[in-house]
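# okay, sequence plus prediction incoming.
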Amino acid sequence: MISPAVPDSRRLSAATLADLPQEVAVPDYDRAGTRIGIVHFGPGAFHRAHQAAYIDALLGSDPDWAISAVSLHSAGVRDALRPQDGLYTLALLGQAPQLRVIGAIREVLCARDEGHAVLERLADPQVRLVTLTITEKGYCLSADGVDASHPDIVRDLATPDVPVSAIGWLAAGLRLRRDRGLAPYTVLSCDNLADNGGRLRRAVLDYTRRLDPELAAWIEREAAFPRSMVDSITPATDDALRAQVAMGLGVADAWPVQREPYTQWVVEDDFRNGRPPLERVGVTLSGDIAGYDRAKLRLLNAPHSALAYLGALMEIETVADAMREPALAGFVERLMREDIAPSLALPQGFDPDAYVDAILARFRNPAIRHLLLQIAWDGSQKLPVRLLGTLADALAAGRSIDRLCLPVAGWMHFVRRQARRDVALVDPLAETLAGIDHSADADAARDVDAFLRLDAVFAPLSADARFADALRRAYATLGDATPAAVARALAGAESR
């Protein structure tokens, strides 16, 4: 962050906003005329680069939805943005970076030491929406409710009036609204976890039933927890970004954020007590969030994994670098359009060709340095949800699976290569994978069969002889998995 010694006259704030260079986009509305209608828990980089940017675009036409940003524990965001009147810079990382000052955050609080202010804001009748980006572990979830053994939940159940967990704060705010005769706010999770709204609803109800069954019944009857899906690559803020922003603004910004130009936000249209007109600013309202999640997993994440394993074997470093390799880029595009898209039950109005076009443009963005080795982490967990479901669907439909098997075989060769180089795998099954015979003399049937015995990854698909045979062929096609061998395999896949 910037030094506290930097004078206010040289720092981004309402007072310096008018002096920024003309090419810097600034709020085109009267911030003083906006009203706080949203409380957001977890105002980290993703929220400020994503949801807050959508709200910033909305406030000019509907001023009722400004944001109160609440950190649960750390005062860092508050201490950085409060002297800046909640303003910060969003850098869009395209061919030509663009700077945009976001004005949607009107209040910044830290729940740890401003609990009363947080509760009063949650009970404000003007507030009708509470959103969250706190990562999956921040929800203290169990398989079917709240993790009652989690230390924060144990503490909150004992002292519910001074909560520390997000679940505790949501319940405390809803209890205060019920007691004051106010309608509940809608609670919208913006974290990427399956059935996020449903799981959050079950957790809040489980928690409140342990404290106050009547409150739980009121929440169950009156409150809404819509599901959502979000997508945009948001690299962490670093000193290089701060320097770039200071150069572009002519003043310092304590905590700018950055993201790729592409952004997606899909929300289930299940709100109570009113909602912001999100559709005006490009948010998709849909009743099929699972369909959008599935499309993202299969059309975005699966090609990412294909690039990761095949590109890493070719000694390529980043996604953008991989897309500059014609054989690899062409293979991935055909995989998406000809093998993955036909397997998808798509949401109404979803345009797969436009989605694929957007993903390919994202992959090629040289301003995003997305490391293939990082995407390659946790392959034993990612492959089943990213690729194996598509493989199963293709088999059921009688379609060819040869191209789909190549990234899976690439993962197997990648695991073997890392073991031979004595490089530790980042994977929950690292110890098991290391125990597979990784001798240099590759034998397709032997090697593939050793991997197929990993039921946690491949069952029940491993019992299908068509899959096993196709995977052995793909594995053999990659030969010794040198860059030249992988390039030949890709060229062969293109000719089929």
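Here it is on my side, so go on. Numbering: from 1, shown residues only.
# what helices and strands are in contact with the lengthiest helix in the chain?
Longest helix in the chain by number of residues, with DSSP state H as the criterion: helix 402-420. Judged by 3 or more C-beta pairs under 8 Å, 6 or more residues apart in numbering; DSSP states H and E, helix 402-420 is in contact with helix 302-313, helix 326-334, helix 379-383, helix 389-397, helix 430-434, helix 444-452, helix 465-477, helix 483-495. Heads up, the C-betas are built off the backbone N, CA and C, glycines and all.
# in the stretch 101-250 of the chain, which spans are strands?
Using DSSP state E, counting those that start in this stretch, the strands of the stretch 101-250 of the chain run over 105-110, 129-132, 186-189, 228-231.
# okay if I get those as JSON lines plus mean neighbour count?
JSON lines is the format used below for those (neighbours: other C-beta atoms under 10 Å):
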{"stretch": "strand 105-110", "mean neighbour count": "22"}
{"stretch": "strand 129-132", "mean neighbour count": "24"}
{"stretch": "strand 186-189", "mean neighbour count": "24"}
{"stretch": "strand 228-231", "mean neighbour count": "21"}
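# where does this protein have low pLDDT?
1-9, 440-442, 495-496 (pLDDT under 70).
# show me it divided up by domain.
8-286, 290-495 (automatic domain parsing).
# which residues sit in contact with the closest residue to residue 309 other than its chain neighbours?
Residue nearest to residue 309 in three dimensions, not counting chain neighbours: residue 410, with 3.6 Å by C-beta to C-beta, 6 or more residues apart in numbering. Each residue near residue 410 by C-beta atoms under 8 Å, 6 or more residues apart in numbering is listed here: 306, 309, 310, 313, 478, 481, 486.
# repeat that for 10 Å
Residue 410 is in contact with 305-314, 376, 379, 474-475, 478, 481, 486, 489, counting by C-beta atoms under 10 Å, 6 or more residues apart in numbering.
# repeat that for residue 70.
Counting by C-beta under 10 Å, 6+ apart, residue 70 has contacts 39-43, 77-78, 107-111, 114, 117-118, 121-122, 130, 132, 166, 169.
# just the C-alpha atoms of the helix or strand encompassing it, please, in CSV.
Assigned by DSSP states H and E, residue 70 belongs to strand 66-71. The C-alpha trace of strand 66-71 is given here as CSV (Å, rounded to 0.1, in the frame of the first residue of the first chain):
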residue,chain,number,x,y,z
ALA,A,66,-24.6,1.9,-3.7
ILE,A,67,-22.4,-0.4,-1.6
SER,A,68,-21.4,-0.6,2.1
ALA,A,69,-18.3,-2.8,1.9
VAL,A,70,-17.7,-4.9,5.1
SER,A,71,-14.5,-6.8,5.8
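# okay, the helices and strands packed on helix 402-420 in JSON lines with distance to residue 159 and mean neighbour count next?
Listed next are the helices and strands packed on helix 402-420 as JSON lines, based on distance: least, C-beta to C-beta, whole Å; neighbours: other C-beta atoms under 10 Å:
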{"stretch": "helix 302-313", "distance to residue 159": "44", "mean neighbour count": "26"}
{"stretch": "helix 326-334", "distance to residue 159": "53", "mean neighbour count": "18"}
{"stretch": "helix 379-383", "distance to residue 159": "37", "mean neighbour count": "21"}
{"stretch": "helix 389-397", "distance to residue 159": "44", "mean neighbour count": "18"}
{"stretch": "helix 430-434", "distance to residue 159": "40", "mean neighbour count": "15"}
{"stretch": "helix 444-452", "distance to residue 159": "50", "mean neighbour count": "18"}
{"stretch": "helix 465-477", "distance to residue 159": "54", "mean neighbour count": "19"}
{"stretch": "helix 483-495", "distance to residue 159": "58", "mean neighbour count": "17"}
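# with distance to residue 213 added, can I get the ones you listed in a markdown table?
Putting those into a markdown table (distance: least, C-beta to C-beta, whole Å) gives the following:
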| stretch | distance to residue 213 |
| --- | --- |
| helix 302-313 | 44 |
| helix 326-334 | 53 |
| helix 379-383 | 38 |
| helix 389-397 | 40 |
| helix 430-434 | 45 |
| helix 444-452 | 50 |
| helix 465-477 | 50 |
| helix 483-495 | 59 |
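# quick one: closest of those helices to residue 95.
Ranking the helices and strands packed on helix 402-420 by proximity to residue 95 (C-beta to C-beta) places helix 326-334 first, at 17.5 Å.
# now the angle from that closest one to helix 402-420?
Put simply, helix 326-334 runs at 130 degrees to helix 402-420, going by axes from the mean of the first three to the mean of the last three C-alpha atoms, to 10 degrees.
# what helices or strands is helix 326-334 leaning on?
Judged by 3 or more C-beta pairs under 10 Å, 6 or more residues apart in numbering; DSSP states H and E, the packing partners of helix 326-334 are helix 302-313, helix 319-322, helix 352-364, helix 402-420, helix 483-495.
# and for it, what are the contacting residues?
302-304, 306-307, 310-311, 314, 316, 321-323, 325, 340, 356-357, 359-360, 363-364, 403, 406-407, 486-494, 496.
# now with 8 Å?
303, 306-307, 310-311, 314, 316, 322-323, 356, 360, 363, 403, 406, 487, 490-491, 493-494.
# what segments of the stretch 151-300 of the chain are helices?
Along the stretch 151-300 of the chain, the segments classed as helices by DSSP state H, counting those that start in this stretch run 151-158, 166-179, 196-211, 213-222, 239-249, 289-295.
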